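okay, sequence plus prediction incoming.
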Amino acid sequence: MTTAINDDLLEDALLTHYRTLPAGERRHIARQASPALRLRLSWAERQMAMDRSPGALAAVLTEGREKQARHLDMIDDVFMRIAAGERMQVMITCPPRHGKSQRASRWGPLWYLRRHPTHRVMLASYGADLADDHGRWVRDQLREYTHTLGVRLDDGSRAANRFDLEQPRGSSVRGGMVTAGVGGSLNGKGFNLGVIDDPFKGSEDANSPTQRERKWEWYQSVFYTRRAPGASIVLINTRWHEDDLSGRILATEPENWTLIDLPATALSGDDPLGRKVGDALWPEQYDVDELERTRRAVGERVWWALYQQQPRPLEGGVWSQAWIDDNRISTSVLRSIDLDRIVVAVDPAGGSTNSNDEVGITAAGSAFVESQGAHHSRPERRDEFYVLDDKSASLGADEWGIVACQLAIDWQADAIVVESNFGGDMTAQVIKQAWQELTRRGVTGRMLMPRLIPVNAKKGKRLRAEPIAQLYGQGRVHHVGQFTKLEGQMVTWVPGMDSPDRMDSCVHALTELAEVDGLETTMDTYERGDPPGRR
């Protein structure tokens, strides 16, 4: 009996020492070990693997099914530093469907409690139901893998939204986890690790000033006050609004937080993962082409907020929605206006991605009409401008020329303006070939091909857009009907963002028309292939 006990003690001592050895020495010992000892060494290896990080724990318990990626490594690193005793307040911004909640709200807390079974974790999300789901998941893993994890639930406290761990031998402190919805009560509860995961349910929630203020007050007066000495906080979310919880914290106490900003596509050379500009965050799951499809589907405002973590004001830096809404006219009103010029403008898809960006194709017209002067003075005559149609779409080179020429035929345009930055003479050639094709089909009738006006925008997007935005601000541009996508791009665009093709084509069309109305001094940002002026 004594011999067996001594043998066990020797093995325990060997296992303790074994854990401190480098991998090569551990493999050497395992090769020489007896079958029984080899089983214990295998168990030790499994325990050591689970100790490394939340991602490693996930890989062991799911037998490799849980996916790992470089951005998830960064989330793991935060939990590892906190578990090692570093006090941190970390904000991780990340696009949806990139594994952030699974890692930060489930595997992270589970791993942390395994490492610190006397500590308490508090997790909050936008709704109590979602927070409880995370708590239930952690509890169920503790229940299912009790022996493997080496952590046992307390029999008297196993609710999904609040459970305790069994007191470790020799300790008078019991750890556990509590969950709540953002805005909910947390009286009498504290934490060593606090996790806030997506405090806003969606755009409607985040766009409400009342909800933003309510959640800010809850964070200050309820959540933050429940910190134990040395406690850490992890706030992980997608950005919905420039004044959401992340935005408010960054505006008031940025020096107290570590920001890990993970846009869906890299925005700068100092990307935290070392990506090149434009590289995808998780290319194995969502490559650049897929992200471009997502961008077109969700629109610019949602793309920049949720996916790029750069929420923009609803009113951009150049256009105002009111300028469009207050001067919109119907097609019936347009019938009473004698347009003296109509142009179609094309902004071909450019850039370096392999995906088909949208080709901006819009039609606009101008007329010299009588308008009410300022402060109800006597009427004045001036040029007014009309956005007539938007046929922008994701089109190949064999398609967009036909669409642009057909639009010119439909509106009897006198010119087709084509940006030639990316394609040079090729863009003009596409238009000419498309016109020839439509002529062959008998679609053009007796209409001659409109004048081609190539433009090469040499300077910044803002310098191109601002003179046209000024016309909108003066009430001189009228949208004939509603162009939801085009208008969405306009009012959410701010300088510094890539300007979308719909907006660019509209700017090209209105620039061509407005050049004849005293804006010549602002149009030096364009290099035109044809002199301005009415035909």
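Here it is on my side, so go on. Fair warning: this is a prediction, and the values are worked out from it, not measured in the lab.

contacting residues around the residue nearest to the spatial centre of the chain?
Taking C-alpha atoms, centre = their mean, the centroid of the chain lies closest to residue 307, which sits 1.0 Å from it. Residue 307 makes contact with 95, 96, 238, 263, 264, 265, 291, 294, 295, 298, according to C-beta atoms under 8 Å, 6 or more residues apart in numbering. Glycine gets a C-beta too; all of them are placed from N, C-alpha and C.

what's the mean pLDDT across the helix or strand hosting residue 471?
Secondary structure assignment for residue 471, by DSSP states H and E: helix 461-473. Averaged over helix 461-473, pLDDT sits at 83.

now whatever helix or strand comes next after it, how far from the chain's geometric center?
Where DSSP H and E defines the elements, the next helix or strand beyond helix 461-473 is strand 477-479. On the basis of C-alpha atoms, centre = their mean, to the nearest Å, strand 477-479 is displaced by 31 Å from the centre of the chain it belongs to.

what does the model give the residue nearest to the centre of the chain for pLDDT?
If you check residue 307, the pLDDT there is 93.

look at residue 12 and report its pLDDT.
In this model, residue 12 is scored at 65, pLDDT.

oh sorry, the question was meant for residue 263
94.

and it, how many neighbours?
Other residues near residue 263 come to 21 when the count uses other C-beta atoms under 10 Å.

that one touches residue 305, doesn't it?
No. Applying C-beta atoms under 8 Å, one finds residue 263 not in contact with residue 305, separated by 10.8 Å.

all helices of the stretch 201-350 of the chain, in order?
203-207, 209-218, 245-252, 288-298, 300-302, 321-325, 331-334 (DSSP state H, counting those that start in this stretch).

worst average pLDDT in those helices?
helix 300-302 (a mean of 77).

remind me what that helix packs against, helices and strands.
Here helix 300-302 touches helix 484-492, going by 3 or more C-beta pairs under 8 Å, 6 or more residues apart in numbering; DSSP states H and E.

next, the angle from the helix it packs on to helix 461-473.
110 degrees (axes from the mean of the first three to the mean of the last three C-alpha atoms, to 10 degrees).

ok now helix 484-492, how far from the chain's centre?
18 Å.

relative to helix 461-473, how tilted is the helix or strand that that helix is followed by?
Using DSSP H and E, the helix or strand that follows helix 484-492 towards the C-terminus is helix 501-514. Here helix 501-514 runs at an angle of 70 degrees relative to helix 461-473 (the same axes, to 10 degrees).

which residue is the nearest non-sequential neighbour of residue 115?
residue 83 (4.8 Å; C-beta to C-beta, 6 or more residues apart in numbering).

what's the burial count for that neighbour?
Using other C-beta under 10 Å, residue 83 is surrounded by 21 other residues.

one more: residue 437?
Residues within reach of residue 437, counting by other C-beta under 10 Å, total 15.

what's the nearest residue to it if we skip its chain neighbours?
Distances taken as C-beta to C-beta, 6+ apart place residue 402 nearest to residue 437, at 6.7 Å, with adjacent residues excluded.

give the contact list for the residue nearest to residue 115.
Residue 83 makes contact with 111, 112, 115, 116, according to C-beta under 8 Å, 6+ apart.

so who does the closest residue to residue 86 other than its chain neighbours touch?
Once flanking residues are discounted, residue 86 sits nearest to residue 232: 7.6 Å by C-beta to C-beta, 6+ apart. Taking C-beta under 8 Å, 6+ apart, we find residue 232 in contact with 82, 86, 87, 88, 89, 90, 192, 193, 194.

hmm, 7 Å instead?
Contact analysis of residue 232 by C-beta atoms under 7 Å, 6 or more residues apart in numbering lists 82, 87, 88, 89, 193.

please name the bridge partners of it.
With DSSP bridges applied, residue 232 shows beta-bridge pairing to residue 193.

for residue 311, which non-adjacent residue is spatially closest?
Nearest one to residue 311, counting by C-beta to C-beta, 6+ apart, is residue 305 at 4.0 Å.

tell me, how many residues neighbour that neighbour?
Neighbour tally, residue 305, other C-beta under 10 Å: 23.

from residue 207, how far out is it?
Separation of residue 305 from residue 207 (C-beta to C-beta, to the nearest Å) stands at 10 Å.

ok but residue 168 is inside a strand, no?
No. According to DSSP: H, G, I helix; E, B strand; the rest coil, the state of residue 168 is coil, so it is not within a strand.

setting aside sequence neighbours, what's the nearest residue to it?
residue 117 (5.5 Å).

so what does the residue nearest to residue 115 have for phi and psi?
The phi/psi pair for residue 83 (degrees, to the nearest 10) reads phi -60, psi -30.

check which residues of stretch 55-67 are buried.
Neighbour counts using 16 or more other C-beta atoms under 10 Å place 55, 56, 57, 58, 59, 60, 61, 66, 67 of stretch 55-67 among the buried residues.

just to revisit the earlier point, columns pLDDT, secondary structure and neighbour count on top of the contacts of residue 83, output as a markdown table?
Below are these laid out as a markdown table (pLDDT from 0 to 100; DSSP: H, G, I helix; E, B strand; the rest coil; neighbours: other C-beta atoms under 10 Å):
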| residue | pLDDT | secondary structure | neighbour count |
| --- | --- | --- | --- |
| 111 | 97 | helix | 26 |
| 112 | 97 | helix | 25 |
| 115 | 94 | helix | 18 |
| 116 | 95 | coil | 18 |
